[in-house]
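Undergrad: just a sequence and a predicted model for now, questions to come.
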Amino acid sequence: MYAKPAGREVLQNEEVCLIRYKTVPGDTQKNWVESDFYHICLPDKHFLLGYKVAGYCDLRFGYNRQLYFGGNIGYRVEEPFRGHHLAEKATRLLLEKAKEAGMPYVIITCNPDNLPSRRTLERLGGDLLEIVDLPPDNDMYQRGERQKCIFHYPLQEGAVRMLLADSEHESFPEPELFVPRAE
């Protein structure tokens, strides 16, 4: 489906590095896509491994109805490390990774009242498609969340923008619309 390297993977720039700690395979029966999970790390010469973990992020390879609401990228920065744009820096690395894997676009979501996350998504340059009510069958709705801001980030030239067919979000474009680049 999407090209991915095997084994341990490190993504980094001059300010942050992401160390993959697990890959979860897709499960069509559960409507899950393959996902890579990373530690968001900062260099620190005082730590045994030379870095400290400041948070976590993940990249979900594929598209389906649940990912429209949950997004292809998720992140969490631990409280002592907040305020330094680490989620933005980590997400920039994951956007590049998604592009290299052949994904034509990425959807990232946040709760409308999570202003720091919303500002992060705006700084990343995505298009706010909509603020949507979560459907009652969604796992986030069942945990008490009610709305999501849906941001779209095109990664490939001429990427098809993912839009659901109706305001109730009951249908979803066929996966054939989202063909990854040939390897």
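TA: All right, it came through fine.
Undergrad: how far is the longest helix along the chain from where the chain is centred?
TA: For the chain, the longest helix by residue count, based on DSSP state H, is helix 86-100. With Cα atoms, centre = their mean, to the nearest Å as the basis, helix 86-100 stands 9 Å off its chain's centre.
Undergrad: wait, Phe61 touches Val24, no?
TA: No: at 10.4 Å, Phe61 does not count as touching Val24 under the criterion of Cβ atoms under 8 Å. Just so you know, the C-beta spots here come from the backbone N, C-alpha and C atoms, and that holds for glycine as well.
Undergrad: and the two? Which one has more around it.
TA: Residue environment comparison for Phe61 versus Val24 gives the larger neighbour count to Phe61, 22 against 13, counting by other Cβ atoms under 10 Å.
Undergrad: joint contacts of Phe61 and Val24?
TA: In terms of Cβ atoms under 8 Å, 6 or more residues apart in numbering, Phe61 and Val24 are both contacted by the residues Glu34, Ser35.
Undergrad: for stretch 61-80, measure first residue to last.
TA: Using Cα to Cα, to the nearest Å, the end-to-end distance of stretch 61-80 comes out at 30 Å.
Undergrad: show me what counts as buried in it.
TA: Residues 61-63, 65-75, 77 are the ones in stretch 61-80 that count as buried (16 or more other Cβ atoms under 10 Å).
Undergrad: and the pLDDT at the closest residue to Arg20 other than its chain neighbours?
TA: Residue nearest to Arg20 in three dimensions, not counting chain neighbours: Glu9, with 4.2 Å by Cβ to Cβ, 6 or more residues apart in numbering. The confidence metric pLDDT takes the value 88 at Glu9.
Undergrad: good, wrapping up.
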